[in-house]
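Asks: Kindly return the folded structure for what I paste below:
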Amino acid sequence: MGWLPEPKKEGKNLGILAFETAKTMSRLISLYKSVSDEEISRLRNDVIRSKGVAFLNTGDEKFLLSLASAERLKDLDHAAAAVARQGKKCTDFGLERFDLV
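Replies: Below is the predicted model:
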């Protein structure tokens, strides 16, 4: 079987990158939808004012909104880190250095 050419590694990397990219895009879409006006309104009117949240945490709306904001910011940070990791695998100079942005 020495006459068969060796499989290219780039094809395998492309497949792995495609799945990683799809995962990151899914996270970003979910994050984008979670900060829509409709979701923020639902969070303020339904979730934060529920008796269970007040019983388990606090009834302080400002504090609970700051917690929700911090969680979204953490999600955005994780997504940016994933994009930067994927950028390092690119051949484009600008994308390779995305982590500096």
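Asks: Could you list the low-pLDDT ranges of the protein?
Replies: 1-16 (pLDDT under 70).
Asks: wait, residue 17 sits on residue 86?
Replies: Yes: the pair formed by residue 17 and residue 86 meets the contact definition of C-beta atoms under 8 Å, at 6.6 Å. Just so you know, the C-beta spots here come from the backbone N, C-alpha and C atoms, and that holds for glycine as well.
Asks: How far does stretch 73-84 sit from its chain's centre?
Replies: 5 Å (C-alpha atoms, centre = their mean, to the nearest Å).
Asks: ok, now stretch 22-29?
Replies: 6 Å.
Asks: in that stretch, what counts as buried?
Replies: Of the residues in stretch 22-29, those buried under the neighbour-count criterion (16 or more other C-beta atoms under 10 Å) are 24, 27, 28.
Asks: Now tell me what touches it from outside.
Replies: For stretch 22-29, the external contacting residues (C-beta atoms under 8 Å, 6 or more residues apart in numbering) are 75, 78, 79, 82, 83, 86.
Asks: PyMOL command for the buried members of the residues you listed?
Replies: Isolation of the buried members of those (16+ other C-beta under 10 Å) is achieved in PyMOL through the command below:
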select buried, resi 75+79+82+83
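Asks: Let me have the contacts of stretch 22-29 in JSON lines, adding distance to residue 33 and secondary structure as columns.
Replies: Conversion of these to JSON lines gives the following (distance: C-beta to C-beta, whole Å; DSSP: H, G, I helix; E, B strand; the rest coil):
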{"residue": "75", "distance to residue 33": "12", "secondary structure": "helix"}
{"residue": "78", "distance to residue 33": "16", "secondary structure": "helix"}
{"residue": "79", "distance to residue 33": "13", "secondary structure": "helix"}
{"residue": "82", "distance to residue 33": "18", "secondary structure": "helix"}
{"residue": "83", "distance to residue 33": "18", "secondary structure": "helix"}
{"residue": "86", "distance to residue 33": "22", "secondary structure": "helix"}
